[in-house]
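S.K.: Structure for this input, please:
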Amino acid sequence: MNNTMQDRDLMLAALSSQKFVTGNYSTSANECATPNVREEMLGLLREEHNIQAELFTEIHGRGWYQTTPAEQPKVDQARQKYQSTSM
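M.R.: As a prediction, the model looks like this:
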């Protein structure tokens, strides 16, 4: 049996790790006591989100991460829900 990880497995593991990292940076940015530290954390968060987006684009492009297009009525419903809560 071959125990080496394939490209797909490695990339999906990396994407999972990026999701974890961005969650932690987000929490850290929310809890910063000073504006300078918060801005630094937000910069790191942005960088990690960019890495995550690159991984997702590559994985999705290879067909290894399937997504379902949203139906327009559901998009409209979500838009209405969140527009009413932001006012």
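S.K.: Would you mind pulling up the elements that the lengthiest helix in the chain packs against?
M.R.: The single longest helix within the chain, with elements called by DSSP state H, is helix 35-61. Helices and strands touching helix 35-61, by 3 or more C-beta pairs under 8 Å, 6 or more residues apart in numbering; DSSP states H and E, are helix 7-30. The way it works is simple: take the backbone N, C-alpha and C, and place the C-beta from them, glycine included.
S.K.: got the angle between the helix it packs on and helix 35-61?
M.R.: 160 degrees (axes from the mean of the first three to the mean of the last three C-alpha atoms, to 10 degrees).
S.K.: who does helix 7-30 touch, helix- and strand-wise?
M.R.: The contact analysis (3+ C-beta pairs under 8 Å, 6+ apart) places helix 7-30 against helix 35-61.
S.K.: Show me how far the helix it packs on is from its chain's centre.
M.R.: 8 Å (C-alpha atoms, centre = their mean, to the nearest Å).
S.K.: State the mean pLDDT of stretch 26-38.
M.R.: Average pLDDT, stretch 26-38: 95.
S.K.: from the chain's centre, how far out does that stretch sit?
M.R.: Taking mean C-alpha positions (C-alpha atoms, centre = their mean), stretch 26-38 and its chain are 19 Å apart.
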